[in-house]
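1. got a structure for you, letters missing:
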Ligand code: OAD
């Protein structure tokens, strides 16, 4: 076993206060492309840059085009949790892991059995009316054509955080709280490019910060342990 993975395994064995903070790279081994890798969503050609389409002003201006992108690129069917999601759920059941803080909107941590999942960017599996806030089943917006509308006339939207929108304060506060108190913080599958999410690492006060990411991140020099390998492969050895 790689010495970095060995070190991480030891930290995991010794701790009962682990927090995991992850991003799109956690789900690539389940078949969901990430955003910033060469084959990621942001490298594909669309009429507008995906970051523009995924913004609040674009959603309000052109919900039709937003929904075309949403259904074609964000809704990915028949995906299953991979070894990273599964092992994280096991660690929670074993009383070793306190929380999963994720930037992902795919619901795969919950599908693997994780209970305390703090979804910083919301979930594609929930929907509500942007005008009266009535809750709708996600199937209503994730399938079909055109712009889904509420009885009140408002556009039904996914419960995700679009660019230009603030994060949910209660989720953010809970994430800060558990990261601040964590003994071991494992950060994985995230380029750590998007704020305020990336800044959460700064709340960690311990000396066991492990970064598991295929490519380098701006926080590599800040971490106590860096593993540049596939996260599913790493977690299947922990
Ligand atoms: P990114 O696409 O920016 O970064 C994913 C990272 O995961 C990259 O650094 C990859 O090298 C790495 N990676 C990919 N597959 C991996 C694997 N199997 N094992 C380990 N690492 C792997 O995705 P995020 O950091 O999650 O926000 O992006 C953050 C936010 O940007 C997203 O939540 C989304 C996006 O715009 C919103 O939509 C608001």
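-> Nice, I can see it. Note that the structure is predicted; figures quoted are calculated from it, not measured. Numbers count the residues shown, from 1 in each chain.

2. what residues are up against the one residue sitting closest to the centre of the chain?
-> Centroid check for the chain by C-alpha atoms, centre = their mean gives residue 104 as the closest residue, at 2.0 Å. By C-beta atoms under 8 Å, 6 or more residues apart in numbering, the contact list for residue 104 reads 22-24, 26-27, 119, 121. C-beta: built from backbone N, CA, C; applies to glycine.

3. got a list of what residue 165 touches?
-> Applying C-beta under 8 Å, 6+ apart, the residues near residue 165 are residue 56.

4. wait, is it part of a strand?
-> No. In this structure, residue 165 is coil, not part of a strand, as judged by DSSP: H, G, I helix; E, B strand; the rest coil.

5. How much space separates residue 88 from the ligand?
-> Here residue 88 is placed at a distance of 13 Å from the ligand (C-beta to the nearest ligand atom, to the nearest Å).

6. can you offset everything so residue one is 52?
-> With the count now opening at 52, the last piece we talked about shows up as residue 139.

7. count of residues packed around that residue?
-> 29 (other C-beta atoms under 10 Å).

8. Return the set of buried residues in stretch 261-273.
-> Residues of stretch 261-273 classed as buried: 261-265, 268, 270 (neighbour count, 16 or more other C-beta atoms under 10 Å).

9. pLDDT score for the nearest residue to residue 227 once chain neighbours are set aside?
-> The spatially closest residue to residue 227, leaving aside those adjacent along the chain, is residue 254, at 5.1 Å (C-beta to C-beta, 6 or more residues apart in numbering). On pLDDT, residue 254 comes in at 97.

10. which stretch of helix or strand covers residue 162?
-> Here residue 162, judged by DSSP states H and E, is contained in helix 159-163.

11. helix or strand right after the helix or strand containing residue 178?
-> Residue 178 belongs to strand 173-180 when assigned by DSSP H and E. Later in the chain than strand 173-180, the nearest helix or strand by DSSP H and E is strand 186-188.

12. And the following helix or strand past that next one, what's buried?
-> For strand 186-188, the succeeding helix or strand toward the C-terminus, using DSSP H and E, is helix 190-193. For helix 190-193, the neighbour count (16+ other C-beta under 10 Å) marks 192-193 as buried.

13. and for helix 190-193, what are the contacting residues?
-> 118, 121-122, 126, 175, 178, 199, 207-209.

14. Next up, the contacts around residue 218.
-> Counting by C-beta under 8 Å, 6+ apart, residue 218 makes contact with 171-172, 212, 247-248.

15. same thing with residue 58?
-> 261, 276 are the contacts of residue 58 under C-beta under 8 Å, 6+ apart.

16. again, 10 Å this time
-> 52, 259, 261, 275-276, 278 (C-beta atoms under 10 Å, 6 or more residues apart in numbering).

17. how about the residues of this protein that lie near the ligand?
-> Along the chain, the residues adjacent to the ligand under the rule C-beta under 6 Å from any ligand atom are 74-76, 79-80, 85-88, 91, 105, 154, 172, 212, 214, 240-242, 244-245, 264-266, 281-283.

18. Now the buried members of those.
-> Counted by 16+ other C-beta under 10 Å, the residues of the chain next to the ligand give 74-76, 79-80, 85-88, 91, 105, 154, 172, 212, 240-242, 245, 264-265, 281-283 as buried.

19. roughly how far out does stretch 149-167 sit from the chain middle?
-> Relative to the centre of its chain, stretch 149-167 is centred 8 Å away, using C-alpha atoms, centre = their mean, to the nearest Å.

20. First residue to last residue on that stretch, what's the distance there?
-> Using C-alpha to C-alpha, to the nearest Å, one end of stretch 149-167 lies 7 Å from the other.
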